[in-house]
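Q: Sequence first, predicted model second:
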Amino acid sequence: MKIDMVAWGDEIGGLSFKAGEKNGKIKALSFRYSDPVAYTGPAVMEIFKNGDGDTKPNAAPSEEELQHQLMPLQPKDASSDKDAPAKKGLALELENRRKKAPDLVALAALPSGCARATVLLAPATDGTFVAYVIDDDPTKLPMGQLRVHNLSPYPVAFRTSTSGTKELKTREAFVVPVNNEQISYDLSYQIESEWKFQEHNYLQIFAKDQTQMIILKSKNSFFLSSDGSSGGFLQAVVLRRNKY
C-alpha cells in the first residue's frame, strides 16, 4: 500500500520501516503531504527513526501541546497523564518491542483491504510518536468531495449549504457533498456548554482530488504569522492528493 506520512508538529526526518538503517530516508513534513512511501509488511506497521535526515532536532513538546495536539490522536485507553491507567494496546506493544529495538518509535495499525492511508505522527514521550491512521480508500474519501475530521480536543460544528450543520466530537469525521468544486462553510466550537463562532470561509475542492480538512488545536510555528499570532482559536489543515 501507499502511505502518506504527516508530522503532527515539527518536521520529522530519518524515518524508515526497517530497523538498523544508518539514516532513514523517509521524511514527514509538518501538517502537509510529501511524496508517498510504498509499504509491504504486517498490518501493524513499525516505524523506526535513525538520525534526523536533513531536519533539525526538535524540542520536546510542551505540556500544553501534549494536551491539545496529542490527546485527540490517542485511543481512549491511552493518556499522557501521569495518573493514567497502565498502558494498553499499541502503547504497551511499542514499549515491549522497544526493549529489543530502541530505534522503534511508533506502531501504526493499518486498515485491511486499503491501498492508501495517511499516518499522522505526533510527538509523545521518550522520543516516540503516536501514530493516527486515516483510511483513504476511495470508498471512504471520494474524489471531488471533502472529508472533515475533528482532531481538536473540543466538539465542533461544521455547516455548509450542502450538508447542513454537523456536530463532530473529537476523532469523528464526515464527508461533505460538494457542488461546482467549491464550498462555503461556518465553523464553531464548544467549550463546556457554550458554542463559539470561529469563522466563515470558502474552500476550493477539485473534482480530481482527494481532499480532507483536519481541525485541530495547535500553537506550532506552522500556524503562526511573523508576529507570532495565530488566525483563530482552532486551526485547520487541508490535505489534497490528485494521484491515487
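A: Perfect, thanks for sending it.
Q: ok, residue 31 to residue 163 distance?
A: 24 Å (CB to CB, to the nearest Å). All C-beta atoms are positioned from the backbone trio N, CA, C, and that covers glycine.
Q: Settle it for me: which of the two has more neighbours?
A: residue 31 (23 against 17; other CB atoms under 10 Å).
Q: could you list every residue that touches the more buried one?
A: Neighbouring residues of residue 31 by CB atoms under 8 Å, 6 or more residues apart in numbering: 6-8, 220, 222-223, 237.
Q: can you tell me which two in the residues you listed are farthest apart?
A: 6 and 223 (14.4 Å; CB to CB).
Q: where do the helices sit along the protein?
A: Along the chain, the stretches classed as helices by DSSP state H are 63-65, 89-97.
Q: more neighbours, residue 6 and residue 223?
A: residue 6 (23 against 19).
Q: in the sheet, who's paired with that one?
A: Using DSSP bridges, the bridge partners assigned to residue 6 are residue 29, residue 120.
Q: Need the residue closest to the centroid of this protein.
A: For the chain, the residue nearest the mean C-alpha position is residue 120 (3.6 Å; CA atoms, centre = their mean).
Q: Let me see the contact set for it.
A: 6, 8, 73, 131-134, 151.
Q: what's the answer for residue 213, then?
A: 146-149, 203, 236-239.
Q: Residue 147 now?
A: 140-141, 173-176, 211-213.
Q: Now with 10 Å, please.
A: 134, 136, 140-141, 173-176, 210-214, 239 (CB atoms under 10 Å, 6 or more residues apart in numbering).
Q: Pull out the buried members of the residues you listed.
A: Buried positions within these, assessed by neighbour count (16 or more other CB atoms under 10 Å), are 134, 136, 140-141, 173, 176, 210-214, 239.
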